[in-house]
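Participant: sequence plus the predicted model coming up.
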Amino acid sequence: MSGGLRVAADQDTGVAVVTLDRPERLNAIDLDLARALASCWQELRFDDTVRAVVLTGAGERAFCTGIDRGADVPQPRSPYMVDDPLLGIGPKANGLWTPVIAAVCGMACGGAFYLLGECEFIVADTSATFFDPHTTYGMVSAYESTAMAQRMPYGEAARMALMGTAERISARRAHEIGLVSELTEPGAAVAAAVRCATVIASYPPDAVQGTVRALWTAREASRAHSFAQAPALIALGNLPAGRQTELFTARHERTPGYRLR
């Protein structure tokens with residue numbers, strides 16, 4: 001599949017591995033990749049041979065670093081209409097109830113949470129780190145914080161969102177607080193996720209998908225309510241794009257420093 005996405009399906013096990021394939025950009029999501037992800041999930045809705053999915057990123061440095069800052073996303077003037085290209089990149093946003101397991105190595109930050117928030121669970125190796133850079137650059141973390149507040153204790157989600165680039169959650173800490181369900185040695189996250197997916201894919205798919213749908217129902221109402229408020233919060237709280245760029249440039253002109261916990 002084009003657009004910076006690779007899909008490999010094993011017909012014997014019923015497991016597909018979906019790989020974000022822009023390692024030179026730390027698997028950041030541009031508009032082409034956003035469209036490819038939506039298309040991938042929509043196609044999998046009609047593929048009965050795939051009964052479980054593993055989502056990962058190419059390379060060792062990052063699972064995904066969110067929106068590609070080079071992507072040109074024009075915005076309406078109204079605060080009630082924020083055009084966010086990442087809102088449609090997740091499996092649930094595209095009506096896919098085949099279970100998806102995330103396999104994370106390296107950085108997972110910002111817009112990566114749109115994907116992690118719609119996976120059933122996360123397997124990570126010890127190189128994984130999780131952080132949210134929005135506040136550092138004068139941006140509101142709305143959709144991302146909603147997704148993470150449903151996956152981890154409120155205080156941990158709040159600390160990650162508010163500390164910005166000054167702090168990263170280590171894989172071990174993520175495992176301790178329940179964000180990560182299994183911790184592996186470096187390079188072993190995909191294999192561990194595939195093992196789980198293979199077990200799940202061996203079960204009757206209607207029962208599995210019904211269970212995924214039931215689990216998602218428990219989160220759906222609060223998520224929809226929070227997302228409905230997000231456009232206005234972003235419009236009110238975000239600095240102008242030029243000022244965001246200034247903060248980003250100033251931050252990266254000096255040696256980046258952060259605390260790992």
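Facilitator: Right, received. Where do you want to start? Numbers count the residues shown, from 1 in each chain.

Participant: tell me which stretches of the stretch 151-261 of the chain form helices.
Facilitator: Remark: helices assigned in the stretch 151-261 of the chain by DSSP state H, counting those that start in this stretch are 154-163, 171-176, 189-201, 205-237, 241-253.

Participant: nearest to residue 20, out of those?
Facilitator: helix 189-201 (12.3 Å; CB to CB). C-beta: built from backbone N, CA, C; applies to glycine.

Participant: output the contacting helices and strands for that closest one.
Facilitator: strand 15-20, strand 52-57, strand 100-104, strand 121-125, strand 182-184 (3 or more CB pairs under 8 Å, 6 or more residues apart in numbering; DSSP states H and E).

Participant: returning to that earlier point: ok, of the helices of the stretch 151-261 of the chain, where does mean pLDDT dip lowest?
Facilitator: Across those, helix 241-253 has the smallest mean pLDDT, namely a mean of 73.

Participant: show me how far it is from its chain's centre.
Facilitator: Computed by CA atoms, centre = their mean, to the nearest Å, the chain-centroid distance of helix 241-253 equals 24 Å.

Participant: which residues touch that helix?
Facilitator: Here helix 241-253 makes contact (CB atoms under 8 Å, 6 or more residues apart in numbering) with 69, 136-139, 165, 238-239.

Participant: where does the chain have its least confident helix or strand?
Facilitator: Every helix and strand of the chain was ranked by mean pLDDT, DSSP states H and E. The lowest is helix 241-253, at a mean of 73.

Participant: re earlier: most packed of the helices of the stretch 151-261 of the chain?
Facilitator: Mean neighbours per residue, mean count of other CB atoms under 10 Å, is largest over the helices of the stretch 151-261 of the chain for helix 189-201, with a mean of 21.

Participant: which residues does that helix contact?
Facilitator: Here helix 189-201 has contacts from 13-15, 17, 51-54, 56, 99, 101-105, 121, 123-125, 128, 182, 184, 208, using CB under 8 Å, 6+ apart.

Participant: out of those residues, which are buried?
Facilitator: Using 16 or more other CB atoms under 10 Å as the burial test, these include 13-15, 17, 51-54, 56, 99, 101-105, 121, 123-125, 128, 182, 184, 208 as buried.

Participant: which among the helices of the stretch 151-261 of the chain is found nearest to residue 146?
Facilitator: helix 205-237 (4.2 Å).

Participant: against which helices or strands is the closest one packed?
Facilitator: helix 143-149.

Participant: can we see that at 10 Å?
Facilitator: helix 143-149, helix 189-201 (3 or more CB pairs under 10 Å, 6 or more residues apart in numbering; DSSP states H and E).

Participant: neighbours of the residue nearest to residue 114 when sequence neighbours are not counted, how many?
Facilitator: Residue nearest to residue 114 in three dimensions, not counting chain neighbours: residue 86, with 4.6 Å by CB to CB, 6 or more residues apart in numbering. When neighbours are counted by other CB atoms under 10 Å, residue 86 registers 22.

Participant: let's verify residue 86: helix, strand, or coil?
Facilitator: Reduced to three states with DSSP: H, G, I helix; E, B strand; the rest coil, the structure at residue 86 is helix.
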